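>>> structure, please.
(2 chains)
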Amino acid sequence: KAGVTQTPRYLIKTRGQQVTLSCSPISGHRSVSWYQQTPGQGLQFLFEYFSETQRNKGNFPGRFSGRQFSNSRSEMNVSTLELGDSALYLCASSLGLRDPSGANVLTFGAGSRLTVL
Amino acid sequence: KQEVTQIPAALSVPEGENLVLNCSFTDSAIYNLQWFRQDPGKGLTSLLLIQSSQREQTSGRLNASLDKSSGRSTLYIAASQPGDSATYLCAVPNYGGSQGNLIFGKGTKLSVKP
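Numbers count the residues shown, from 1 in each chain, chains lettered A, B, ... in the order given. Below you'll find the model as predicted:
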């Protein structure tokens, strides 16, 4: 069973540019979440999509956006890149059930490492 | 606002030693708590999930405990091996959020020396 696939794995951009990252979830998973990981702030939640709708959003500026397609694949976009956007961006998928027991455990991809120069 | 803290930030032990990693959270109204492992430059691997009604979960040499009243969880690793070297993170679901919206601690970087 294929895992969560993120592309590209590495990319370098300059300030002011924009970037689009892609995430293909595990087959059958309808929820995709995005996280930003930096040495200073650790892992921070960006947003979650379920059935093409944004379900939750973290505390990030509007330059960060995302979407989900009918096949559950998701993309996130960062516009007007800043040096501080350099980070590992992680995507995670799950069944997306609102189950407090946590039965639908997140499965993470390997991440996309973005460097902004 | 829920906050998750992990102490120490780094830990180095000799191979074979039993060790405990700590995780604390400020709001005890959690649905569950998860422990993850992250290898350098890689994504996260889920190790154990403890539901709020449980006290412990075990998987192989790993045992995680949860004490909601004190806002603490521990991850016990028995007979540590060099392959256990990684960063260990704990996380809880955000208030009213789904399982996809987790609040993470900053992790404990474990180094097991041969």
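>>> doesn't B:Thr26 make contact with B:Glu3?
Yes: using Cβ atoms under 8 Å, B:Glu3 is in contact with B:Thr26, at 4.7 Å. C-beta: built from backbone N, CA, C; applies to glycine.
>>> give me the pLDDT value at A:Pro39.
pLDDT for A:Pro39: 91.
>>> residues from chain B in reach of chain A?
Residues of chain B lying close to chain A (Cβ under 8 Å from any Cβ of the partner chain) are B:31-32, B:34, B:36, B:41-46, B:49, B:51-52, B:89, B:91, B:93-94, B:97-107.
>>> how about the residues of chain A by chain B?
Contact residues (Cβ under 8 Å from any Cβ) of chain A with chain B: A:4, A:31-33, A:35, A:42-45, A:48, A:50, A:55-56, A:58, A:88, A:90, A:92, A:94, A:96-102, A:104-111, A:113.
>>> please list the members of those that lie in strands.
Judged by DSSP state E, the residues of chain A next to chain B include A:31-33, A:35, A:42-45, A:48, A:50, A:55-56, A:88, A:90, A:92, A:94, A:107-108, A:113 as members of strands.
>>> centre of the chain to stretch A:8-17, how far?
15 Å (Cα atoms, centre = their mean, to the nearest Å).
>>> buried stuff in it?
Buried residues in stretch A:8-17, counting neighbours by 16 or more other Cβ atoms under 10 Å in any protein chain shown, are found at A:Lys13.
>>> first to last residue in it, what's the distance?
For stretch A:8-17, the separation between the terminal residues is 16 Å (Cα to Cα, to the nearest Å).
>>> quick one: the strands in chain B, in order.
Using DSSP E, the strands of chain B run over B:4-7, B:10-14, B:19-25, B:32-38, B:44-51, B:56-59, B:62-67, B:72-77, B:86-93, B:102-104, B:108-113.
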